[in-house]
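In: Could you look at this predicted model? Sequence included:
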Amino acid sequence: MSHFVLVTLHLFAAIMFVGTVFFEVLILEAIRKPVGRDAMRTVEAAIGRRARHVMPFVMAILYGAGIAMAWQYRDELAHPFESSFATLLAIKIVLALSVLAHFITAITLSARGKLRSRHFKLIHLSVFCHVVLIVFLAKAMFYITW
(Lines give C-alpha, C1' and ligand atoms only; values in the text may rest on other atoms or scores of the structure.)
Protein backbone atom coordinates (compact mmCIF):
# COMPACT_ATOMS: atom_id res chain seq x y z
CA MET A 1 0.00 0.00 0.00
CA SER A 2 1.36 3.43 -0.87
CA HIS A 3 2.51 5.82 1.82
CA PHE A 4 -0.09 8.36 0.65
CA VAL A 5 -2.94 5.87 1.17
CA LEU A 6 -1.60 4.90 4.61
CA VAL A 7 -1.23 8.51 5.72
CA THR A 8 -4.72 9.35 4.43
CA LEU A 9 -6.37 6.37 6.16
CA HIS A 10 -4.45 7.11 9.36
CA LEU A 11 -5.41 10.77 9.24
CA PHE A 12 -9.13 10.15 8.68
CA ALA A 13 -9.25 7.52 11.43
CA ALA A 14 -7.34 9.88 13.76
CA ILE A 15 -9.81 12.68 13.00
CA MET A 16 -12.69 10.35 13.85
CA PHE A 17 -11.11 9.06 17.06
CA VAL A 18 -9.61 12.32 18.31
CA GLY A 19 -12.75 14.23 17.34
CA THR A 20 -14.86 11.81 19.36
CA VAL A 21 -12.56 12.15 22.37
CA PHE A 22 -12.61 15.97 22.12
CA PHE A 23 -16.41 15.95 21.82
CA GLU A 24 -16.86 13.70 24.82
CA VAL A 25 -14.42 15.61 27.04
CA LEU A 26 -15.06 19.21 25.99
CA ILE A 27 -18.76 19.10 25.03
CA LEU A 28 -20.44 16.26 26.91
CA GLU A 29 -18.80 17.04 30.23
CA ALA A 30 -19.88 20.68 29.92
CA ILE A 31 -23.55 19.76 29.48
CA ARG A 32 -23.67 17.18 32.28
CA LYS A 33 -25.14 19.53 34.91
CA PRO A 34 -27.60 21.51 32.73
CA VAL A 35 -28.98 18.35 31.10
CA GLY A 36 -29.45 16.42 34.33
CA ARG A 37 -28.46 13.00 35.52
CA ASP A 38 -31.18 10.89 33.88
CA ALA A 39 -30.92 12.57 30.49
CA MET A 40 -27.12 12.36 30.63
CA ARG A 41 -27.27 8.62 31.33
CA THR A 42 -29.50 8.21 28.28
CA VAL A 43 -27.13 10.28 26.13
CA GLU A 44 -24.05 8.40 27.41
CA ALA A 45 -25.73 5.04 26.80
CA ALA A 46 -26.71 6.01 23.23
CA ILE A 47 -23.22 7.35 22.45
CA GLY A 48 -21.68 4.27 24.03
CA ARG A 49 -23.76 1.93 21.85
CA ARG A 50 -22.83 3.84 18.71
CA ALA A 51 -19.16 4.02 19.69
CA ARG A 52 -19.05 0.25 20.32
CA HIS A 53 -20.24 -0.27 16.74
CA VAL A 54 -18.00 2.28 14.98
CA MET A 55 -14.84 2.63 17.05
CA PRO A 56 -13.45 -0.90 16.65
CA PHE A 57 -13.29 -0.32 12.87
CA VAL A 58 -11.84 3.17 13.34
CA MET A 59 -9.24 1.81 15.77
CA ALA A 60 -8.35 -1.05 13.40
CA ILE A 61 -7.74 1.40 10.55
CA LEU A 62 -5.92 3.86 12.81
CA TYR A 63 -3.57 1.28 14.31
CA GLY A 64 -3.22 -0.79 11.12
CA ALA A 65 -2.14 2.24 9.08
CA GLY A 66 0.02 3.44 12.00
CA ILE A 67 1.84 0.11 12.21
CA ALA A 68 2.36 0.04 8.45
CA MET A 69 3.80 3.57 8.52
CA ALA A 70 5.97 2.82 11.56
CA TRP A 71 7.33 -0.25 9.74
CA GLN A 72 8.85 2.12 7.19
CA TYR A 73 10.85 3.68 10.04
CA ARG A 74 11.90 0.41 11.68
CA ASP A 75 15.61 1.13 11.23
CA GLU A 76 15.26 4.45 13.04
CA LEU A 77 13.05 2.90 15.73
CA ALA A 78 15.68 0.21 16.36
CA HIS A 79 17.81 3.03 17.83
CA PRO A 80 15.25 5.47 19.27
CA PHE A 81 17.76 7.73 21.00
CA GLU A 82 20.01 8.34 18.01
CA SER A 83 17.82 11.03 16.47
CA SER A 84 15.17 13.44 17.62
CA PHE A 85 12.79 12.01 15.00
CA ALA A 86 13.16 8.46 16.29
CA THR A 87 12.81 9.56 19.93
CA LEU A 88 9.64 11.54 19.26
CA LEU A 89 8.19 8.75 17.10
CA ALA A 90 8.94 6.18 19.82
CA ILE A 91 7.21 8.38 22.43
CA LYS A 92 4.24 8.76 20.06
CA ILE A 93 4.03 4.97 19.67
CA VAL A 94 4.17 4.41 23.44
CA LEU A 95 1.37 6.95 23.93
CA ALA A 96 -0.66 5.29 21.16
CA LEU A 97 -0.23 1.90 22.84
CA SER A 98 -1.39 3.45 26.10
CA VAL A 99 -4.49 4.81 24.36
CA LEU A 100 -5.16 1.33 23.00
CA ALA A 101 -4.86 -0.08 26.53
CA HIS A 102 -7.33 2.57 27.76
CA PHE A 103 -9.72 1.67 24.93
CA ILE A 104 -9.53 -2.05 25.71
CA THR A 105 -10.02 -1.33 29.41
CA ALA A 106 -13.12 0.77 28.71
CA ILE A 107 -14.60 -1.86 26.38
CA THR A 108 -13.89 -4.63 28.90
CA LEU A 109 -15.37 -2.72 31.83
CA SER A 110 -18.40 -1.80 29.74
CA ALA A 111 -18.97 -5.39 28.59
CA ARG A 112 -18.83 -6.57 32.21
CA GLY A 113 -21.20 -3.82 33.33
CA LYS A 114 -18.52 -2.27 35.53
CA LEU A 115 -17.87 0.97 33.63
CA ARG A 116 -18.99 3.59 36.12
CA SER A 117 -19.28 7.31 35.53
CA ARG A 118 -16.05 7.89 37.47
CA HIS A 119 -14.16 5.38 35.28
CA PHE A 120 -15.71 6.93 32.18
CA LYS A 121 -14.51 10.41 33.16
CA LEU A 122 -11.00 9.33 34.19
CA ILE A 123 -10.43 7.21 31.09
CA HIS A 124 -11.68 9.98 28.80
CA LEU A 125 -9.57 12.63 30.49
CA SER A 126 -6.47 10.44 30.29
CA VAL A 127 -7.10 9.57 26.64
CA PHE A 128 -7.72 13.26 25.92
CA CYS A 129 -4.30 14.16 27.34
CA HIS A 130 -2.69 11.32 25.41
CA VAL A 131 -4.22 12.31 22.06
CA VAL A 132 -3.27 15.95 22.52
CA LEU A 133 0.34 14.84 22.98
CA ILE A 134 0.12 12.39 20.07
CA VAL A 135 -1.21 15.09 17.72
CA PHE A 136 1.55 17.44 18.86
CA LEU A 137 4.22 14.76 18.36
CA ALA A 138 2.85 13.87 14.91
CA LYS A 139 3.95 17.29 13.73
CA ALA A 140 6.82 17.94 16.13
CA MET A 141 8.80 14.91 15.00
CA PHE A 142 9.21 16.55 11.59
CA TYR A 143 10.12 20.01 12.90
CA ILE A 144 11.86 19.67 16.27
CA THR A 145 15.45 18.58 16.25
CA TRP A 146 18.26 18.44 18.74
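Out: That came through, no problem.
In: quick one: buried residues of the helix or strand containing residue 41?
Out: According to DSSP states H and E, residue 41 maps onto helix 37-71. By neighbour count on 16 or more other C-beta atoms under 10 Å, the buried set for helix 37-71 is 40, 44, 51, 55, 58-59, 61-63, 65-66, 68-70. In short, each C-beta sits where N, CA and C put it, glycine included.
In: Run the chain-centre distance for that helix.
Out: Helix 37-71 has its C-alpha centroid displaced from the chain centroid by 9 Å (C-alpha atoms, centre = their mean, to the nearest Å).
In: State the mean pLDDT of that helix.
Out: Throughout helix 37-71, pLDDT has a mean value of 92.
In: Let me see the residues that make contact with the lowest-mean-pLDDT helix or strand in the chain.
Out: Across the helices and strands of the chain, mean confidence by mean pLDDT, DSSP states H and E is lowest for helix 29-35: a mean of 88. Counting contacts by C-beta atoms under 8 Å, 6 or more residues apart in numbering, the residues outside helix 29-35 that touch it are 40, 43, 121, 124.
In: Show me what whatever helix or strand comes next after the helix holding residue 41 packs onto, helices and strands only.
Out: Following helix 37-71 in sequence order, the next helix or strand is helix 74-77 (DSSP H and E). The elements that helix 74-77 packs onto, with contact taken as 3 or more C-beta pairs under 8 Å, 6 or more residues apart in numbering; DSSP states H and E, are helix 84-111.
In: buried sites along the helix it packs on?
Out: 85-93, 95-96, 99, 102-103, 106-107, 110.
In: Between helix 37-71 and it, find me the angle.
Out: Orientation check (axes from the mean of the first three to the mean of the last three C-alpha atoms, to 10 degrees): helix 84-111 against helix 37-71 gives 140 degrees.
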